[in-house]
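# quick check, what structure comes out for this input:
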Amino acid sequence: MSWLGAGIGAGIGLMFGGPIGAALGAWIGSSFGSGLQRAAGAAVAGLNREGAQTVFIVTVFSMLAKMAKADGLVSKAEVNLIEDFMQNNLRLSAEDRAQAIKIFQNAKTDAYSIYDYARQYRQLVRNEAMREMVYRLLFAVACADGELHAAEEEILRRIPEDLGLHSSIFSAMQGEFGHRASASAQSLKQHYDVLGCTPDVSDRELKLAYRRKAEEFHPDKLAAKGLPEEFMRHAEDQMKSITLAYETIVEARKRKAGASA
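Numbering: from 1, shown residues only. All right, here's what the predicted structure looks like:
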């Protein structure tokens, strides 16, 4: 998949308002010439798969720029971190990496906040799993240097509401990226957070929550919803987290039942 091709094929029809529309216009304008911006301001009638991919890409890298700038400036270390993320985690082609950098650079100086992007993405993309993937990528980059800084943590705690996600997602991601021991009571709660349920659910309800979450985050389903193939490794990682959460909770329940027998 070439983001360049997706931009040509879907971007012209998706030149709508708000931060994502402005970012998309700046990206396509810098890539293909200002003539392609003539549809700016048009309302979006609906996103096909290619359009959803384009919006996802523009949203992710624009929000990464805002995250990097959270403490007032984008440092060389943060730029290196995101470039390493693009090369080694997403494994982008040279062409797509160049496009991602353009999106990132454009968003650094625009007038919108990261929360503006999150709120519009929520409006455009009804699929919760796709919105959670945006959050997961933000969390991955924020923790890539082994430390969650105060400004990054503030964003990650606040932005789930703007993305239309439950606040427990912060705890779930913190448990995954913080590599906490699975035996602790706190991390067991984080496993429940991954599945979107609470410790008081029945075994049947737990299994249903697992199946529902696994279906939402199956890589093939996310691909059909517009997740670009370069991001599939993160969908696969999310699936592993969902399976680990379920298996860990089931084992903990078995041990508790055995101890009380």
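# next, Pro199: secondary structure please.
Following DSSP: H, G, I helix; E, B strand; the rest coil, the label given to Pro199 is coil.
# residues contacting the closest residue to it other than its chain neighbours?
Here the nearest residue to Pro199 in space, its sequence neighbours aside, is Tyr192; by CB to CB, 6 or more residues apart in numbering that works out to 5.7 Å. For the C-beta atoms, the positions are set from N, CA and C on the backbone; glycine is no exception. Contact analysis of Tyr192 by CB atoms under 8 Å, 6 or more residues apart in numbering lists Thr198, Pro199, Ala245, Ile249.
# avg pLDDT for the strand or helix carrying Tyr192?
Here Tyr192 is covered by helix 185-195, with elements defined by DSSP states H and E. Mean per-residue pLDDT for helix 185-195: 83.
# let's see that helix as CSV, backbone CA atoms only.
Extracted C-alpha coordinates of helix 185-195, given in CSV (Å, rounded to 0.1, in the frame of the first residue of the first chain):
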residue,chain,number,x,y,z
ALA,A,185,-3.4,-7.3,41.9
GLN,A,186,-3.0,-4.1,40.0
SER,A,187,-1.9,-5.8,36.8
LEU,A,188,-4.9,-8.2,37.1
LYS,A,189,-7.1,-5.1,37.1
GLN,A,190,-5.3,-3.9,34.0
HIS,A,191,-6.1,-7.2,32.3
TYR,A,192,-9.8,-6.6,33.0
ASP,A,193,-9.4,-3.1,31.6
VAL,A,194,-7.9,-4.6,28.4
LEU,A,195,-11.1,-6.7,28.0
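# and after that helix, which helix or strand comes next?
In N-to-C order, the element after helix 185-195 by DSSP H and E is helix 203-216.
# and that following helix, what's buried?
Leu206, Ala209, Tyr210, Lys213, Ala214, Glu216 (16 or more other CB atoms under 10 Å).
# with adjacent residues omitted, what lies nearest to the third one?
This points to Tyr210. Once flanking residues are discounted, Tyr210 sits nearest to Tyr246: 4.1 Å by CB to CB, 6+ apart.
# again, but for the fourth one
Computed as CB to CB, 6+ apart, the closest residue to Lys213 that is not its neighbour in sequence is Ile242, at 5.1 Å.
# for that neighbour, helix, strand, or coil?
Three-state call for Ile242 (three-state DSSP): helix.
# gap between the two ends of stretch 224-235?
13 Å (CA to CA, to the nearest Å).
# off-centre distance for it?
Here the centre of stretch 224-235 is set off from its chain's centre by 10 Å, with CA atoms, centre = their mean, to the nearest Å.
# over it, what's the mean pLDDT, rounded is fine.
86.
# for it, which positions count as buried?
Buried-residue list, stretch 224-235, by 16+ other CB under 10 Å: Lys225, Gly226, Leu227, Pro228, Glu230, Phe231, His234, Ala235.
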